[in-house]
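**Q** Here is my input; please provide its structure:
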Amino acid sequence: MRGLIVLLLFASMAAILVGCRTEPSSAPTSVPPSPTTAEQTRSTPPAVITSAPQPASTSEPLRSMTPIVPTVSKPNPTPPATTIPLPPAPQGASGIEGQTLIGPTCPVERLDSPCPDKPYQATLVVLNQSGTEVKRFDTNADGLFRVELPPGTYTLAPQSPGRLPRAGQQAVQVTSGQFTSITITYDSGIR
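**A** Predicted coordinates:
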């Protein structure tokens, strides 16, 4: 009888490890526990086998085994960002408007888990053609900005708090009665 218990125990462990399902056999499925296994059953959850009687044919003790159950993770959907638009530009005014972004925002982008650039609050400096600072301003929390400037050619110089994040300068042509729209993307340094 003890040999039958050992055989059933090994068959069930093999089925768990291989991931196979075995058909029910005609062998009895419940055997009254011996005193030593009854004590183990009370102290150990049924899914974890902590020990088993050692078969006479091997000299190596059995090790504890826990069945491995794969977990399935679902991507967390990102709620849509709500951006508060800037108020309308004054009639007949000219200048530069746009948004500052930062990216990448995660180390690996996958199809099932996109990682778009995010709005970034930054300080921007407007330089004239001779490289003199004309204006310095901060974008709002959504990275949006609008600055009035007379018509002309300017360079927009994004400022960085350190080595990263950083963004390159952009040349901008301002036309009379219009706001030139641009997007500045800061490199976050995440790879």
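**Q** When you work out contacts or count neighbours from here on, use the C-alpha atoms and nothing else.
**A** Noted.
**Q** just the strands in the chain please.
**A** With DSSP state E as the criterion, the chain has strands at 95-103, 118-119, 123-127, 133-138, 144-148, 152-158, 170-174, 179-187.
**Q** The first one packs against which elements?
**A** This means strand 95-103. strand 118-119, strand 144-148, strand 170-174, strand 179-187 (3 or more C-alpha pairs under 8 Å, 6 or more residues apart in numbering; DSSP states H and E).
**Q** how about that strand as CSV, C-alpha atoms only?
**A** The C-alpha trace of strand 95-103 is given here as CSV (Å, rounded to 0.1, in the frame of the first residue of the first chain):
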residue,chain,number,x,y,z
GLY,A,95,5.0,86.1,-31.7
ILE,A,96,5.8,82.4,-30.9
GLU,A,97,3.5,79.9,-29.3
GLY,A,98,3.7,76.1,-28.7
GLN,A,99,4.5,73.4,-26.2
THR,A,100,7.4,71.8,-24.5
LEU,A,101,7.5,68.0,-24.2
ILE,A,102,9.8,65.5,-22.6
GLY,A,103,10.6,62.0,-23.8
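**Q** Direction included, what does that strand pair up with?
**A** strand 118-119 (antiparallel), strand 144-148 (antiparallel), strand 179-187 (parallel) (DSSP bridges).
**Q** mind checking which of those is nearest residue 138?
**A** strand 144-148 (7.6 Å; C-alpha to C-alpha).
**Q** circling back: so can I have TSV of the strands paired with strand 95-103 showing distance to residue 170, mean pLDDT and mean neighbour count?
**A** Formatted as TSV, the strands paired with strand 95-103 follow (distance: least, C-alpha to C-alpha, whole Å; pLDDT from 0 to 100; neighbours: other C-alpha atoms under 10 Å):
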stretch	distance to residue 170	mean pLDDT	mean neighbour count
strand 118-119	18	95	19
strand 144-148	15	96	20
strand 179-187	8	96	18
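**Q** Distance to residue 101 for those - can I get that in TSV?
**A** Output for those, formatted as TSV (distance: least, C-alpha to C-alpha, whole Å):
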stretch	distance to residue 101
strand 118-119	4
strand 144-148	9
strand 179-187	5
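**Q** Any stretches of the chain with poor pLDDT?
**A** 1-84 (pLDDT under 70).
**Q** Where does the record place the domain boundaries for it?
**A** 1-69, 95-187 (automatic domain parsing).
**Q** Can you lay out the strands of the chain as CSV showing distance to residue 89?
**A** Below are those laid out as CSV (distance: least, C-alpha to C-alpha, whole Å):
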stretch, distance to residue 89
strand 95-103, 10
strand 118-119, 21
strand 123-127, 19
strand 133-138, 17
strand 144-148, 8
strand 152-158, 18
strand 170-174, 14
strand 179-187, 8
